[in-house]
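Visitor: what's the 3D shape of this:
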Amino acid sequence: MSDCIFCRIAAGEIPAKKLYEDEHVLAFHDINPLAPVHFLVIPKLHVPSMAELGPEHIEVMGRVMTTAAQLARENGCGEGFRTIINTGRVGRQEVYHLHVHVLGGPDVLPAMLKR
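Guide: Here you go, the predicted structure:
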């Protein structure tokens with residue numbers, strides 16, 4: 001999709017600080033990090049949001065999630081990290097290309113929701 005910024009990053013049209021890339025998945029640093037470790041993992045295949053996933057996406061989403069875990073460990077988050085997938089307008093999704101945020105660092109993440 002020519003108007004999708006993440007498709008353009010995956011195609012090499014827009015530069016990104018890449019952490020990992022293979023034929024199915026790309027991981028790169030967030031341009032506005034919210035934690036000492038903050039990167040995104042995307043499928044290269046354009047999927048607008050998690051709400052659009054179907055059985056045909058099982059393999060690529062498995063790659064996305066295992067890549068996220070491996071890179072979190074490799075970037076110093078062996079004791080834990082947070083993954084966030086914002087989905088749709090109500091879920092505060094800003095870029096409509098499915099992406100997983102991985103955030104971590106030494107005791108910097110606030111509680112997710114107040115009880």
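Visitor: Regarding V60, what are the backbone dihedral angles?
Guide: phi -70, psi -40 (degrees, to the nearest 10).
Visitor: my guess is it meets H24, correct?
Guide: Yes: counting by C-beta atoms under 8 Å, H24 is a contact partner of V60 at 5.4 Å. The way it works is simple: take the backbone N, C-alpha and C, and place the C-beta from them, glycine included.
Visitor: Name the nearest residue to the residue sitting nearest the centre point of the chain, sequence neighbours excluded.
Guide: When C-alpha atoms, centre = their mean is applied to the chain, the residue found nearest the centroid is V100 (2.5 Å). Sequence neighbours aside, V41 is the residue nearest to V100 in space, at 4.6 Å (criterion: C-beta to C-beta, 6 or more residues apart in numbering).
Visitor: Where does pLDDT dip in the chain?
Guide: 1, 108-109, 112-115 (pLDDT under 70).
Visitor: Select the longest strand from it.
Guide: The residue-count maximum for a strand in the chain (DSSP state E) belongs to strand 37-43.
Visitor: Counting by contacts, list what that strand packs against.
Guide: helix 5-10, strand 25-29, helix 58-74, strand 100-104 (3 or more C-beta pairs under 8 Å, 6 or more residues apart in numbering; DSSP states H and E).
Visitor: mind running it again at 6 Å?
Guide: For strand 37-43, the packing partners by 3 or more C-beta pairs under 6 Å, 6 or more residues apart in numbering; DSSP states H and E come out as strand 25-29, helix 58-74, strand 100-104.
Visitor: As JSON lines, the ones you listed with distance to I14 would be great.
Guide: Shown next, in JSON lines, are the helices and strands packed on strand 37-43 (distance: least, C-beta to C-beta, whole Å):
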{"stretch": "strand 25-29", "distance to I14": "10"}
{"stretch": "helix 58-74", "distance to I14": "20"}
{"stretch": "strand 100-104", "distance to I14": "18"}
